[in-house]
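Visitor: Sequence and predicted structure below; questions after.
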Amino acid sequence: MLPSTADGVPAARRFVREQMSDSGTLADVDTALLLVSEVVTNALLHGSAPRMLTVDVRADTVRVEVADGSPVLPRVHGFAATAATGRGLRLLDSLASRWGADPDPGDGKVVWFEVGPVDDAAWEAQAAGWLLEVGAGEG
């Protein structure tokens with residue numbers, strides 16, 4: 001169960017880090033921590049209680065699931081790079097190996113993602129895309 005306050009985000013990061021560091025997985029810890037921050041933040045802002053975090057660590061992949069009580073599935077928005085919100089799902093799109101959102105039979109949803117070994121190309125593409133968006137907004 002995740003706290004329903006901003007404390008839920010650092011608690012989720014700590015939990016994921018502990019699960020991954022104890023396992024010897026090759027999955028990218030930094031990417032998993034960034035993405036769990038985004039998904040838990042979305043659950044706190046847009047979801048409803050109860051909120052639950054599940055982590056499945058495998059040899060070269062980690063799967064993180066965040067369930068909440070709202071049946072409203074998330075969708076990627078086309079916010080500007082300078083917007084104060086709207087980057088979380090776009091980060092999932094570019095940095096996760098796979099991600100999705102599924103209705104939960106208990107009237108909620110589960111947002112999940114998988115992260116594999118470090119993927120420098122995905123990070124470089126994310127950074128380049130962000131720089132292009134910011135540069136386009138300056139003209």
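Guide: Nice, thanks for sending it over. From a predicted model like this one, the values you see are computed outputs, not experimental measurements. Numbering: from 1, shown residues only.
Visitor: just the strands in the protein please.
Guide: Assigned by DSSP state E, the strands in the chain fall at 52-57, 62-68, 98-104, 108-115.
Visitor: Now stretch 22-41: average pLDDT?
Guide: Averaged across stretch 22-41, pLDDT comes to 94.
Visitor: and what of stretch 47-59?
Guide: Rounded mean pLDDT across stretch 47-59 is 95.
Visitor: about what we covered before: what about the strands of the chain, which gets the closest to R90?
Guide: strand 98-104 (11.0 Å; C-beta to C-beta). (Each C-beta comes from the backbone N, C-alpha and C, glycine too.)
Visitor: want to try a markdown table for the strands of the chain, with mean neighbour count and distance to L89 as columns?
Guide: A markdown table is the format used below for the strands of the chain (neighbours: other C-beta atoms under 10 Å; distance: least, C-beta to C-beta, whole Å):
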| stretch | mean neighbour count | distance to L89 |
| --- | --- | --- |
| strand 52-57 | 16 | 18 |
| strand 62-68 | 23 | 13 |
| strand 98-104 | 15 | 8 |
| strand 108-115 | 22 | 9 |
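Visitor: Could you dump those into JSON lines and include distance to Q19?
Guide: Shown next, in JSON lines, are these (distance: least, C-beta to C-beta, whole Å):
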{"stretch": "strand 52-57", "distance to Q19": "5"}
{"stretch": "strand 62-68", "distance to Q19": "8"}
{"stretch": "strand 98-104", "distance to Q19": "18"}
{"stretch": "strand 108-115", "distance to Q19": "12"}
